[in-house]
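1. would you be able to build a 3D model of this:
(one chain, ligands or ions: 1)
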Amino acid sequence: MFAEQYNAMVVSGRSDSAYQYILEQLERLDALQDKRICDVGCGQGELSYRLSGRGAHVTGVDLSGKLLEFAKRKTEAVTWIQDDAMTLSQLPSGSYDVAVSSVMLVDVPDHLAVFQSVHRILKPDGIMIWAITHPCFQSPFSSPLGDGARIVKDYVEQFWKSEGSGTIRSTLGAYHRPLAQYLNDFIATGFSILRVDEPARLDTSVDNLPLLFAAVGRKIS
Ligand SMILES: C[S@@+](CC[C@H](N)C(=O)[O-])C[C@H]1O[C@@H](n2cnc3c(N)ncnc32)[C@H](O)[C@@H]1O
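-> Numbers count the residues shown, from 1 in each chain. So this is what the prediction gives:
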């Protein structure tokens, strides 16, 4: 049920801004052609598919066997692996040039463990790019007022589920963490931050505030 819903959302193009951002950064760094890239929490595989189409050797990892079934139907050019991003236990150390993570850190109870497992599988100087829903504006404490503004009532770490039923976030929930926590944990894991961005949202029908926050880092130790 969730896998079908999620696949439909990706097909509708609503996840495109994260994919576009990650592809642009990799192009800028000349880190696509012939690079070994791990797509951590690849979901139904759209980003992995696009990376592979640009000449990268891609491994797509996800916990959900159902989403990986959608992914496998997309292409055989990607190596699809069912594994936990908090360990990446099936992936060898020091073997990837790049790891990308599109809107999945908000799904895991331990984002630091993801940073650490990614750090382990990257080669020296390897690149990690992650994008998350922007914690300042996309949170249980942030409500659109209907006139393009939002009211933000609080800004703390917590697990939350959206109201109602039948939607992805009312079923699975998400982990909300302040930006400083993500950035400090990324640095503490052994990454230097090359840049951070708040990509413009594609759908501005509710408001014009950034939907995503993203960071590019290099493994330094
Ligand atoms: C919001 S979806 C994003 C999927 C994909 N990266 C995209 O942008 O289309 C989050 C993904 O993280 C996966 N996920 C959640 N917890 C995970 C874990 N511990 N290990 C690996 N994948 C996980 C989910 O199965 C889901 O595919």
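2. could you measure from Leu122 over to the ligand?
-> 17 Å (CB to the nearest ligand atom, to the nearest Å). C-beta here means a position set from N, CA and C on the backbone, and glycine is covered the same way.
3. what's that residue sitting at in phi/psi?
-> Note on Leu122: backbone dihedrals following degrees, to the nearest 10 are phi -80, psi 150.
4. neighbours of it, just the number please.
-> Counted with other CB atoms under 10 Å, residues neighbouring Leu122 total 25.
5. isn't it right next to Leu91, touching?
-> No - no contact is recorded between Leu122 and Leu91 when judged using CB atoms under 8 Å, the distance being 10.2 Å.
6. what do the two both touch?
-> Common contacts of Leu122 and Leu91 (CB atoms under 8 Å, 6 or more residues apart in numbering): none found.
7. after the helix ranked longest in the chain comes which helix or strand?
-> Longest helix in the chain by number of residues (criterion: DSSP state H): helix 16-28. Elements were assigned by DSSP states H and E; along the chain past helix 16-28, the next helix or strand is strand 36-40.
8. helices or strands up against that next one?
-> Using 3 or more CB pairs under 8 Å, 6 or more residues apart in numbering; DSSP states H and E as the contact test, the elements touching strand 36-40 are helix 46-53, strand 57-62, strand 96-102, helix 111-121.
9. helix or strand, whichever it is, which one in the chain has the lowest mean pLDDT?
-> The element with the least model confidence among the helices and strands of the chain, by mean pLDDT, DSSP states H and E, is helix 168-171, at a mean of 72.
10. can you give me how far that helix is from the chain middle?
-> Counting by CA atoms, centre = their mean, to the nearest Å, helix 168-171 is centred 17 Å from the centre of its parent chain.
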